[in-house]
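> Sharing a model that was predicted from the sequence below.
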Amino acid sequence: MHKDAIFQDLRIVDNFYQTSSFYPMPVVLVGSLAENGQTNIGPYSLCFPYYIAGKGYYAMVLEARNSSNTAQNILRTGRASINFIPDKRKYMKQAAALGYPGDTTEEKMKNCAFTLMGGLSAKDNPGTSYPQIVAESFQVYECTWIKELDGAGQDRPQESYALIRDKRSAEKK
């Protein structure tokens, strides 16, 4: 490297995007519907546009652990809300509190400080259930999962942490 260079030559590792690179990614709260109809909110930062032109529709990519409540709910219902929240400390602290894997929707949402409200999809389609949206958001996408897109219909739910935890508790008895 030239002695006047301002950049460093870093070794690239598997998690390079976390250790060696800067990728600005907003924190979004993804709303989905639990089996009991309650809105579940999970924080994500790997959410970005996928198809943006020329397809006759628009698409977003959400990277989620298959066994997460969010993934399980989207695979079951095909609906989600993507809530972009302001980059303020009080919102980020609350988003982090919603991000622990293994909590049921009831456990996680009982102390949720965000205000949930019905979105435009629920208003336009009475009688159909949609995840609520986060009122504090500055932008919200209400989404429908397109199962036919790139073989997504082959995705199957995996066992959730809550079920694994319950099985382990039962085995100890």
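Arrived safely, thanks for sending.
> Can you classify Ser32 by secondary structure?
strand (DSSP: H, G, I helix; E, B strand; the rest coil).
> Confirm for me that it is in contact with Gln132.
No. Between Ser32 and Gln132 there is no contact, the gap being 10.2 Å when judged by Cβ atoms under 8 Å. In this view, the C-beta of every residue, glycine as well, is placed from N, C-alpha and C.
> Give me the more crowded residue out of the two.
Between Ser32 and Gln132, counting by other Cβ atoms under 10 Å, Ser32 is the more crowded of the two (29 against 20).
> three-state assignment of Asn40?
Applying three-state DSSP: Asn40 is strand.
> Show me the beta-bridge partners of it.
Per DSSP bridges, the residues bridged to Asn40 are Ser32.
> Show the pLDDT at it.
Asn40 is assigned a pLDDT of 96 by the prediction.
> What are the neighbouring residues in contact with the residue nearest the centre of the chain?
By Cα atoms, centre = their mean, the chain has its centre lying nearest to Val30, at 4.0 Å. Contact partners of Val30, counting by Cβ atoms under 8 Å, 6 or more residues apart in numbering, are 41-44, 47, 62, 64, 70, 80-83.
> Give me the below-cutoff pLDDT ranges for this protein.
1-5, 10, 14-23, 51-55, 150-153, 155-173 (pLDDT under 70).
> quick one: Thr105 and Gln38 touch, right?
Yes. Assessed by Cβ under 8 Å, Thr105 is found in contact with Gln38 at 5.3 Å.
> more crowded one of the two?
Thr105 (21 against 15).
> can you pull the contacts of that one?
Contacts of Thr105 by Cβ under 8 Å, 6+ apart are 34, 36, 38-40, 69.
> Recalculate using a threshold of 7 Å.
Contacts of Thr105 were listed using Cβ atoms under 7 Å, 6 or more residues apart in numbering, and they are 34, 38, 40, 69.
> Identify each of the helices in this protein and give its residue range.
Listed in chain order, the helices of the chain (DSSP state H) span residues 16-19, 69-77, 89-97, 105-109, 120-124, 161-172.
> Check the offset of the fifth one from the chain's centre.
Read that as helix 120-124. 21 Å (Cα atoms, centre = their mean, to the nearest Å).
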